[in-house]
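>>> Mind looking at a prediction? Sequence and model below.
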Amino acid sequence: MARDATDRAHRVMEEARRLLDECGIERPPVDLVRIARHLGIRRIRELDVRLDGQLVELGDGGYEVILSRNAPHTRQRFTLAHEIGHILAASPGDESMSCGDAATEDLCNRVAAELLIPGRFIADAATAGMDVGTFRRLATRFQCSLEATAWRILNIGQATGTLLIWRMQDDGKLELSASPRTFGFDAPFENGAVLDGAMPFVRQLMRQSEGAISYGGAPDGRVYTGDYVRLNKVMLMYLRREGPPQTSKARRRAASAAGQGELFS
């Protein structure tokens, strides 16, 4: 069964890549409507629905995709690409292609990532000196959310690190809402983590809207370096290097400097 699932995933991903060639997609942003028409999706409608989207088989052949009118444009694009994935992943006799088991949903998400941010385009767009600004520019170029763009670039191996997306609360606290990351990089925070606004780390972040950081407050003593930027109620933090744990002596010396036990800049 595991081999069958692997073969299926390989076949579906290869079909997704061929679609890009068949539809003449040569640069971002990818024209998803052209791909949808190529696969027989006759209508794409925006309605006031609670779901992000739904794929409907039409009685006379072809398909219709319904998207939530209230979803952001980047979310609508991801949903359309995901529903295209359901067409590619469908097996003969499927009663409904608009939903599936966890493995199918994960596969459709992978298809969406390949269609929205094709691997062939990333190598040309990504640079060796990745920072928060680079992720923002690439998200705009591919017309994808920042989270999806970062996840794709990191996990395809074009960069190493983790992008942390913090929500700034009215009481000054920071709550980690998302952390798309590459495998093998140990981020010092997990989703849902809350940092008190009184922490020296947070206070220093609030002193300017963007800048370089070096975080040494992880429990294991490792030091993480990167940069950050504040956008309205959101703070984006990209940690791109993970250093070895500090020696006990170095940790004591850092902690002795006011405010430097958790932030070195």
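Okay, I see it. All values derive from a computational prediction rather than experimental measurement.

>>> When you work out contacts or count neighbours from here on, use the C-alpha atoms and nothing else.
Noted.

>>> in the host helix or strand of residue 105, what's buried?
Using DSSP states H and E, residue 105 falls within helix 102-116. For helix 102-116, burial by neighbour count (16 or more other CA atoms under 10 Å) applies to 104, 105, 107, 108, 109, 110, 111, 112, 113, 114, 115, 116.

>>> mind checking how far residue 68 is from residue 85?
Applying CA to CA, to the nearest Å, the value for residue 68 to residue 85 is 18 Å.

>>> And residue 118, by the same measure?
14 Å.

>>> more neighbours, the two?
Between residue 118 and residue 85, counted using other CA atoms under 10 Å, residue 85 has the larger neighbour count: 29 against 23.

>>> Would you agree the more buried one is in contact with residue 113?
No - using CA atoms under 8 Å, residue 85 is not in contact with residue 113, being 10.0 Å away.

>>> Who are the contact partners of residue 68?
46, 47, 48, 49, 50, 51, 52, 53, 76 (CA atoms under 8 Å, 6 or more residues apart in numbering).

>>> ok, now residue 236?
Residue 236 touches 132, 163, 164, 165, 166, 228, 229, 230, counting by CA under 8 Å, 6+ apart.

>>> With residue 203 instead?
Contacts of residue 203 by CA under 8 Å, 6+ apart are residue 197.

>>> quick one: it is in a strand?
No - Residue 203 sits outside any strand when classified using DSSP: H, G, I helix; E, B strand; the rest coil, being helix.

>>> all helices for the stretch 1-150 of the chain, in order.
With DSSP state H, counting those that start in this stretch as the criterion, the stretch 1-150 of the chain has helices at 2-22, 32-38, 73-89, 102-116, 119-125, 132-142, 146-155.

>>> Quick check: buried residues in the fifth one?
Meaning helix 119-125. Under the neighbour-count criterion of 16+ other CA under 10 Å, helix 119-125 has 119, 122 buried.

>>> Identify all contacting residues around it.
27, 28, 138, 153, 156, 158.

>>> repeat that with 7 Å
By CA atoms under 7 Å, 6 or more residues apart in numbering, the residues outside helix 119-125 that reach it are residue 158.

>>> how about low-confidence regions in this protein?
Scanning the chain for pLDDT under 70 picks out 1, 92-99, 124-128, 183, 246-265.

>>> Any idea which residue is closest to the centre of it?
Computing the C-alpha centroid of the chain and ranking residues by CA atoms, centre = their mean puts residue 148 first, at 2.5 Å.

>>> what's the distance between it and residue 86?
Counting by CA to CA, the gap from residue 148 to residue 86 is 19 Å.

>>> Equivalent analysis for residue 231, please.
35 Å.

>>> for residue 58, same thing?
Relative to residue 86, and taking CA to CA, residue 58 is found at 15 Å.

>>> Quick one: neighbours of residue 221, just the number.
18.

>>> Assign the residue nearest to it when sequence neighbours are not counted to helix, strand or coil.
Nearest residue to residue 221, sequence neighbours excluded (CA to CA, 6 or more residues apart in numbering): residue 245, at 4.6 Å. Judged by three-state DSSP, the three-state class of residue 245 is coil.

>>> wait, isn't residue 245 in contact with residue 219?
No - using CA atoms under 7 Å, residue 245 is not in contact with residue 219, being 9.5 Å away.

>>> the more surrounded of those two?
Between residue 245 and residue 219, counted using other CA under 10 Å, the more crowded position is residue 245 (16 against 8).

>>> Please list all residues in contact with that one.
Per CA under 7 Å, 6+ apart, neighbours of residue 245: 220, 221, 222, 223.

>>> So it versus residue 214, what's the distance?
For residue 245, the distance to residue 214 equals 13 Å [CA to CA].

>>> Identify the contacts common to the two.
Counting by CA under 7 Å, 6+ apart, the common neighbours of residue 245 and residue 214 are residue 223.

>>> Show me which of residue 58 and residue 86 is the more surrounded one.
Of the pair residue 58 and residue 86, residue 86 is the one with more neighbours under other CA under 10 Å, namely 25 against 12.
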